[in-house]
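Enquirer: return atomic coordinates for the entry below.
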Amino acid sequence: MTPVTPLKEVVEIINEEGGEILKLCYQCGTCTAVCPWNKVRNFIVRRIMHQGQLGLIDFEDEDVWLCATCNNCVKRCPRGVEIIDVMRALRRAVTELGIAKVPDSLRITIKNISGVGNPLGEPEDKRASWAQDLDVKLHTEGTEILYFPCCIPEYDPSVQRVARATANILKKAGVDFGILGNQASCCGESVRKSGNESVFQRLAHNNISALKEAGVKKIIVSSPHCYHALTAEYPKLGGSFEVEHVSQYLLGLIKQNRLVFTGSVNKKVAYHDPCYLGRHHDIYDEPREVLRSIPGLELVELSDHREGSLCCGGGGGRIWMETKSGERFSDLRLNQALEIGANVLAVACPYFEDSVLTQDKSDEIEVRDIAELVEMAL
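Expert: Numbering: from 1, shown residues only. Sure, this is the predicted structure:
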């Protein structure tokens with residue numbers, strides 16, 4: 001990379017984001033060894049860390065935007081360096097100071113989120129359109145559960161089936177639930193990881209206000225990214241709520257006999273551990289227990305699973321950036337599932353659903369959210 005003279009403002013942003021921890025890095029190379037980009041190209045995290053220490057980052061280099069925040073490097077770092085925070089700081093410096101170009105697709109997406117609260121740029125009043133024929137109510141004071149689907153299952157027609165399946169399951173189980181509807185905005189988790197701190201702060205405060213106004217106590221989410229925002233980031237901003245991922249809540253319903261399976265799913269199913277459910281929050285068992293409870297379903301493990309799961313590549317805002325054919329982790333994941341004879345890849349994150357559309361293997365393997373598989377057996 002070409003050395004760039006450090007700016008005072010850059011140093012201030014990096015320090016504000018915890019950049020002092022860079023001094024702990026002793027260039028052991030562990031982060032580089034475990035980075036999923038090594039499977040498709042030569043991306044050296046250690047090089048960026050070293051240049052960050054010396055203030056020589058070339059902000060024009062695309063490497064600044066490659067990190068998918070999968071947390072594998074953080075989990076393995078012997079010095080406890082929060083490398084994700086370092087990458088977020090570098091991106092924030094680019095975004096706030098205008099010292100380099102933000103990838104076009106990301107810039108347009110952030111503009112959409114900032115303007116209308118969702119990455120697809122759809123009208124705000126269409127957020128609840130996925131549920132218009134399902135008789136799903138708005139959450140009000142006294143409603144037991146808020147279902148917070150995520151922008152992708154709400155707006156993307158190809159992924160709306162995830163939100164619809166979840167709503168149908170909750171209705172069949174007799175759960176008293178509602179949604180925020182047009183009052184909700186993007187949770188902002190990936191917005192923050194892409195360096196847009198001011199946009200994240202506004203989204204978070206708007207959502208916290210809407211949640212409190214609706215009297216929300218407990219939330220279930222389809223997206224691990226929403227889970228992370230609501231459990232790890234919102235409490236620091238004054239928004240503390242009880243939160244469960246859908247897989248956790250469904251397991252509870254099954255154990256309480258509120259969900260009774262009357263059908264079967266005779267499929268060989270491999271489960272993909274999402275980074276933000278697994279490595280970020282250590283939720284590995286509940287999704288598998290739900291799948292094992294489905295009659296007829298045979299659960300098999302991928303070669304990379306649990307703590308070693310291969311990232312789908314959608315985190316850190318990369319779901320909104322261009323990824324070259326042959327460098328898409330989700331494609332590698334599909335091939336891993338096919339190698340072990342699975343005819344269904346079960347997921348628990350709508351980001352994977354969106355990423356996998358880049359490779360059509362629908363004649364060989366299905367990609368299904370856990371909620372969809374549960375619904376099939378009811």
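Enquirer: any low-confidence regions in the stretch 51-200 of the chain?
Expert: The stretch 51-200 of the chain contains residues with pLDDT under 70 at 51-58.
Enquirer: ok, now which ones touch the residue positioned nearest the centre of the chain?
Expert: Centroid-nearest residue in the chain, with CA atoms, centre = their mean: H225, separated by 3.5 Å. Contacts of H225 were listed using CB atoms under 8 Å, 6 or more residues apart in numbering, and they are C150, C187, E189, S190, Y276, G315, C349, Y351. For the C-beta atoms, the positions are set from N, CA and C on the backbone; glycine is no exception.
Enquirer: for the stretch 51-200 of the chain, which segments count as strands?
Expert: Secondary structure of the stretch 51-200 of the chain by DSSP state E, counting those that start in this stretch: the strands cover 145-148, 177-178.
Enquirer: dump the C-alpha coordinates for whichever helix or strand I208 is part of into PDB.
Expert: Assigned by DSSP states H and E, I208 belongs to helix 197-213. The C-alpha trace of helix 197-213 is given here as PDB (Å, rounded to 0.1, in the frame of the first residue of the first chain):
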ATOM      1  CA  GLU A 197     -21.600   6.100  12.900                       C
ATOM      2  CA  SER A 198     -23.900   9.200  12.700                       C
ATOM      3  CA  VAL A 199     -26.400   7.300  10.600                       C
ATOM      4  CA  PHE A 200     -26.300   4.400  13.100                       C
ATOM      5  CA  GLN A 201     -26.800   6.700  16.000                       C
ATOM      6  CA  ARG A 202     -29.900   8.200  14.400                       C
ATOM      7  CA  LEU A 203     -31.400   4.800  13.500                       C
ATOM      8  CA  ALA A 204     -30.800   3.400  16.900                       C
ATOM      9  CA  HIS A 205     -32.300   6.300  18.800                       C
ATOM     10  CA  ASN A 206     -35.300   6.300  16.500                       C
ATOM     11  CA  ASN A 207     -35.900   2.600  17.000                       C
ATOM     12  CA  ILE A 208     -35.400   2.800  20.800                       C
ATOM     13  CA  SER A 209     -38.000   5.600  20.900                       C
ATOM     14  CA  ALA A 210     -40.500   3.600  18.800                       C
ATOM     15  CA  LEU A 211     -39.900   0.400  20.900                       C
ATOM     16  CA  LYS A 212     -40.500   2.300  24.100                       C
ATOM     17  CA  GLU A 213     -43.500   4.100  22.800                       C
END
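Enquirer: which other helices and strands contact it?
Expert: helix 83-97, helix 104-116, helix 189-193 (3 or more CB pairs under 8 Å, 6 or more residues apart in numbering; DSSP states H and E).
Enquirer: and those, which is most packed in?
Expert: For those, the largest average neighbour count (mean count of other CB atoms under 10 Å) is found in helix 189-193, namely a mean of 27.
Enquirer: identify all contacting residues around that helix.
Expert: Applying CB under 8 Å, 6+ apart, the set of residues contacting helix 189-193 is 69, 84, 87-88, 91, 110, 113, 199-200, 203, 225-226, 228-229, 233, 276, 315-317, 319-320.
Enquirer: cool, stretch 255-266 as well?
Expert: With CB under 8 Å, 6+ apart as the contact definition, stretch 255-266 has outside contacts at 169, 172-175, 250, 253, 293-297, 373-374, 376-378.
Enquirer: in strands only, show me these.
Expert: Using DSSP state E, no member of these falls within strands.
Enquirer: which of the strands of the stretch 51-200 of the chain is buried the deepest?
Expert: strand 145-148 (a mean of 22).
Enquirer: can you show me the CA trace of that one as PDB?
Expert: Only the C-alpha atoms of strand 145-148 are listed here, as PDB (Å, rounded to 0.1, in the frame of the first residue of the first chain):
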ATOM      1  CA  ILE A 145     -43.900 -10.300  22.000                       C
ATOM      2  CA  LEU A 146     -42.600  -7.900  19.300                       C
ATOM      3  CA  TYR A 147     -41.400  -9.600  16.100                       C
ATOM      4  CA  PHE A 148     -38.600  -7.600  14.500                       C
END
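Enquirer: packing partners of it?
Expert: Using 3+ CB pairs under 8 Å, 6+ apart: strand 145-148 touches helix 160-172, strand 177-178, strand 218-221.
Enquirer: please convert these to TSV, extending it with distance to H139.
Expert: TSV is the format used below for the helices and strands packed on strand 145-148 (distance: least, CB to CB, whole Å):
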stretch	distance to H139
helix 160-172	12
strand 177-178	3
strand 218-221	9
